[in-house]
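1. dropping a prediction and its sequence here:
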Amino acid sequence: MSNYCGSCGISIPSGQSYCSMCYGDPAYGRDGYLEAYMQEQERKHQEEKEAEAEYERMLEEQMLKEKQNG
């Protein structure tokens, strides 16, 4: 049986009063919401870093080609 967070109302496991997001601790309770959110944010951040590195690599490659051609 589920209960609901006393702050935001999201469904949480029985025995918890608050979800981990509202409590502010990824290890709080058994819902895993904050931990999942933090992992998703880290994944997005890593993807952004990789895209930025690829863009920088492409710019350097383009500048090198222009320098060689002109």
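-> Perfect, I can see it now. All values reported here derive from a predicted model rather than from experimental measurement.

2. buried residues, the host helix or strand of residue 66. List them.
-> Take DSSP states H and E as the rule and residue 66 turns out to sit in helix 33-69. Neighbour-count burial for helix 33-69 flags 33, 34 (criterion: 16 or more other Cβ atoms under 10 Å). Where you see a C-beta, it was placed from the backbone N, CA and C, and this is true even at glycine.

3. list the helices and strands it packs on?
-> Here helix 33-69 touches helix 20-23, going by 3 or more Cβ pairs under 8 Å, 6 or more residues apart in numbering; DSSP states H and E.

4. what does the helix it packs on rub up against?
-> Applying Cβ atoms under 8 Å, 6 or more residues apart in numbering, the contact partners of helix 20-23 are 5-8, 10, 26-29, 31-35, 37.

5. so how far is residue 61 from the residue positioned nearest the centre of the chain?
-> The centroid of the chain falls nearest to residue 41 when counting by Cα atoms, centre = their mean (1.0 Å). Note on residue 41: its distance to residue 61, by Cβ to Cβ, to the nearest Å, is 31 Å.
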